[in-house]
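1. Using only what follows, build the 3D model:
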Amino acid sequence: TIYLVSALLTVILEIVFCVMLYLNIGLTYKYAPLAVISVLTFCVQIGPESFPNLLSSEIFPNHSRSKCKGILRAVSSIFSFAVLTCFPTIKTSLGLDGTYFLLALVLLLTLPPTYLYLPEAKDVDLNSVSQFYLPKASQFYTSFTPTESSLTLPTAGESKARIAMLCNSFGWTGDCLCTNTRSLL
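-> You can find the predicted model right below:
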């Protein structure tokens, strides 16, 4: 939620700064652009800038977390380098106000996929995150009678962690599924 709020504030503040540049408000109110940029920098640092590093600790399984974090950091650095390298060219062609509008538009377009497709690991133990990504074997009960040795149900703790992550990711309405008595097969 803090990512979504800070990202939306970043988009709004980038558009506000874009309008201030376009209308030359900084000539009349000298400290207004400084105030907007200061709050914008704060919002970027608590949201979109730090989000990949914070999220990577929660969504990658234990056995591959360090490799995945390294890859994510490398990709993030490449994108930061690309943005910083392209900034002077885009500023020359679109102007500073157009550049900030383009940045706001790109961030706004990345928010829905981020919100809809990234799993939420709130209230889930980090050791249980790796179980979330493990494929569960399908067992078809029409051709054999299950016995104690052939049927292995997940423990209540495993089910609770998987259900919590599913609920956090996709939401639900009605009763909470995250009780100790429900098994996720």
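2. use CA for all of it now, contacts and neighbours both
-> OK.
3. Which strands and helices lie in contact with whichever helix or strand Phe42 is part of?
-> For Phe42, the enclosing helix or strand under DSSP states H and E is helix 32-46. Counting contacts by 3 or more C-alpha pairs under 8 Å, 6 or more residues apart in numbering; DSSP states H and E, helix 32-46 packs against helix 2-23, helix 25-28.
4. most packed of those helices?
-> Using mean count of other C-alpha atoms under 10 Å, the stretch among the helices and strands packed on helix 32-46 with the largest mean neighbour count is helix 2-23, at a mean of 19.
5. between it and helix 32-46, how many degrees?
-> For helix 2-23 against helix 32-46, the angle by axes from the mean of the first three to the mean of the last three C-alpha atoms, to 10 degrees is 160 degrees.
6. Could you tell me which other helices and strands helix 2-23 packs against?
-> Contacts defined by 3+ C-alpha pairs under 8 Å, 6+ apart place helix 2-23 against helix 32-46, helix 65-117.
7. Pull out the buried residues from the helix or strand just after the shortest one.
-> Downstream of helix 32-46, the first helix or strand assigned by DSSP H and E is helix 51-59. Neighbour counts using 16 or more other C-alpha atoms under 10 Å place Ser56, Ser57, Glu58, Ile59 of helix 51-59 among the buried residues.
8. and the helices and strands packed on helix 2-23, which is most packed in?
-> Counting by mean count of other C-alpha under 10 Å, helix 32-46 has the highest mean neighbour count of the helices and strands packed on helix 2-23, with a mean of 16.
9. Contacts made by it with the rest, please.
-> For helix 32-46, the external contacting residues (C-alpha atoms under 8 Å, 6 or more residues apart in numbering) are Tyr3, Ser6, Ala7, Leu9, Thr10, Leu13, Glu14, Val16, Phe17, Met20, Ile25, Gly26.
10. Tabulate the helices and strands packed on helix 2-23 (a markdown table), appending distance to Asp125 and mean pLDDT.
-> Shown next, in a markdown table, are those (distance: least, C-alpha to C-alpha, whole Å; pLDDT from 0 to 100):
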| stretch | distance to Asp125 | mean pLDDT |
| --- | --- | --- |
| helix 32-46 | 23 | 89 |
| helix 65-117 | 15 | 89 |
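11. Would you mind giving the ones you listed as a markdown table with distance to Pro52 added?
-> Formatted as a markdown table, the helices and strands packed on helix 2-23 follow (distance: least, C-alpha to C-alpha, whole Å):
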| stretch | distance to Pro52 |
| --- | --- |
| helix 32-46 | 11 |
| helix 65-117 | 7 |
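12. Leu102 versus Ser6, what's the distance?
-> 18 Å (C-alpha to C-alpha, to the nearest Å).
13. residues in contact with Cys18?
-> Cys18 sits next to Leu96, Asp97, Gly98, Tyr100, Phe101 when contact means C-alpha under 8 Å, 6+ apart.
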